[in-house]
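Engineer: My questions concern the predicted model and sequence given below.
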Amino acid sequence: MKTYTLIKFGEAESAFELQEKPTPKPGKGEVLIKSEGFGLNFADVMARLGIYRDCPPLPAVLGYENVGHIAELGEGVKGFEIGDRVLTFTRFGGYADHVVSPAMAVVKISDRLSIGEATALATQYITAYWAAEETVSLHEGDHVLIHAAAGGVGTALIQLLKRKGCIIFGTAGSQEKLDYLKSIGVDYPINYREVNYQEEIEKLGFGKKIDATFNPIGGDYVKKDYKLLNSGGRVVIYGASKMTEARGNFFKMLGLAFGFGFWSPIKFVSSSTSLIGINMLRVADDKPMAFKRALQAVNDLAEAEEIKPFVGKEFPHTELAAAHNYLEGRKSIGKVAVKWS
């Protein structure tokens with residue numbers, strides 16, 4: 001089988017090598033999938049740059065999700081047949097034209113979903129679902145702030161929270177992305193490159209009125225978000241993309257760490273507020289049934305057309321480096337995916 005293997009940290013053009021490896025056999029409770037393609041996530045960029053703690057030792061095959069058809073069933077697998085089109089959460093190993101996955105992490109999908117739409121469900125949408133459905137309870141009229149709102153998780157959060165009737169503030173860094181946010185229902189798009197989003201929300205009259213913020217950026221954005229919270233409000237953190245700006249600079253990394261702030265439980269109790277962290281790798285490892293439930297839920301919502309992933313771009317596998325640079329440069333809207341043919 002073919003894999004794109006991360007052989008060294010650094011620039012996308014030199015970090016990956018296309019390798020031939022033996023096609024694996026599925027073990028008990030596993031399936032072998034012949035891949036159509038795989039998705040990219042910002043965690044992949046951070047892993048390539050050497051700043052992602054969960055990255056396996058090099059050489060490593062990255063990738064959290066893969067879509068394709070079942071080629072072989074392992075012992076004891078039920079509910080699937082050879083030829084079924086499926087989506088799987090791979091927990092690394094996704095950059096391959098064949099993947100072995102536990103059947104627990106696999107769901108059947110329809111042929112109408114593109115590679116990008118399908119792979120978005122296994123990471124972006126399941127992260128958004130966990131954030132918006134499992135960790136917080138939001139209702140019609142609640143005010144929410146979504147950072148990087150034009151990205152894959154941001155788009156998913158917007159769709160899930162509009163179903164609840166929430167009032168949404170969304171940050172992005174270009175007019176094109178602001179227009180996109182407006183088109184999918186964001187009530188208050190904010191260009192974080194032109195204004196201080198915290199001050200802008202306060203000017204609009206919503207200071208201390210935000211019920212939840214969804215933050216993949218980290219650093220001082222966490223403290224800024226917290227200052228906007230209403231009683232009972234929550235800051236939900238599912239990434240630290242600001243680390244890419246501080247890479248290789250000790251003082252910037254130190255500043256980033258301090259930027260998160262130092263928190264006392266007394267503060268949370270007195271204001272009835274909270275900080276919530278999400279790492280779907282840990283959920284998949286330690287709560288596989290809960291992960292399976294969430295994966296099935298987003299697939300069911302997609303089948304019912306209550307959510308629809310937006311695909312920014314699909315790259316041929318020969319342009320993996322370009323796909324990484326596209327995502328790293330924050331040019332993308334929605335999901336970025338890579339296809340084998």
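Structural biologist: Received it, and whenever you're ready, just let me know what you need.
Engineer: could you pull out the strands for the stretch 151-300 of the chain?
Structural biologist: Secondary structure of the stretch 151-300 of the chain by DSSP state E, counting those that start in this stretch: the strands cover 167-172, 188-191, 210-215, 229-237, 274-277.
Engineer: Lowest-scoring secondary structure element of the chain by mean pLDDT?
Structural biologist: helix 243-246 (a mean of 52; mean pLDDT, DSSP states H and E).
Engineer: Next one: residue 209 from residue 129, what distance?
Structural biologist: Going from residue 209 to residue 129 by CB to CB, to the nearest Å gives 25 Å. All C-beta spots, glycine's among them, are computed from the backbone N, C-alpha and C.
Engineer: More neighbours: which of these two?
Structural biologist: Per other CB atoms under 10 Å, whichever of residue 209 and residue 129 has more neighbours is residue 129, with 23 against 17.
Engineer: okay but residue 271 is in contact with residue 234, surely?
Structural biologist: No. Using CB atoms under 8 Å as the test, residue 271 is too far from residue 234 to be in contact (11.2 Å).
Engineer: ok, longest helix in this protein?
Structural biologist: Counting residues, the longest helix found in the chain (DSSP state H) is helix 288-303.
Engineer: Counting by contacts, list what that one packs against.
Structural biologist: strand 85-89, strand 106-108, helix 126-129, helix 280-286 (3 or more CB pairs under 8 Å, 6 or more residues apart in numbering; DSSP states H and E).
Engineer: Please convert those to TSV, extending it with distance to residue 27.
Structural biologist: Below are the helices and strands packed on helix 288-303 laid out as TSV (distance: least, CB to CB, whole Å):
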stretch	distance to residue 27
strand 85-89	15
strand 106-108	14
helix 126-129	24
helix 280-286	18
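Engineer: Include distance to residue 5 and mean pLDDT when you put the ones you listed into a markdown table, please.
Structural biologist: Converted to a markdown table, those look like this (distance: least, CB to CB, whole Å; pLDDT from 0 to 100):
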| stretch | distance to residue 5 | mean pLDDT |
| --- | --- | --- |
| strand 85-89 | 19 | 97 |
| strand 106-108 | 23 | 96 |
| helix 126-129 | 25 | 96 |
| helix 280-286 | 20 | 91 |
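Engineer: ok, and which of those has the densest surroundings?
Structural biologist: Between the helices and strands packed on helix 288-303, helix 126-129 has the highest mean count of neighbours, a mean of 26, where neighbours are mean count of other CB atoms under 10 Å.
Engineer: A helix includes residue 14, no?
Structural biologist: Yes. Judged by DSSP: H, G, I helix; E, B strand; the rest coil, residue 14 forms part of a helix.
Engineer: Surely it and residue 320 touch.
Structural biologist: No. Checked against CB under 8 Å, the pair residue 14 and residue 320 is beyond contact range at 11.9 Å.
Engineer: These two - which one has more neighbours?
Structural biologist: Between residue 14 and residue 320, counting by other CB under 10 Å, residue 320 is the more crowded of the two (21 against 11).
Engineer: Look up the closest residue to the more buried one, ignoring the ones flanking it.
Structural biologist: The spatial neighbour of residue 320 that comes closest, neighbours along the chain excluded (CB to CB, 6 or more residues apart in numbering), is residue 4 at 5.5 Å.
Engineer: try residue 38
Structural biologist: Nearest non-adjacent residue to residue 38 (CB to CB, 6+ apart): residue 94, at 4.4 Å.
Engineer: hang on, that neighbour packs against residue 64?
Structural biologist: Yes. Contact criterion CB under 8 Å: residue 94 and residue 64 qualify, at 5.7 Å.
Engineer: Quick check: residue 239 vs residue 266, distance?
Structural biologist: Residue 239 is 27 Å from residue 266, where distance means CB to CB.
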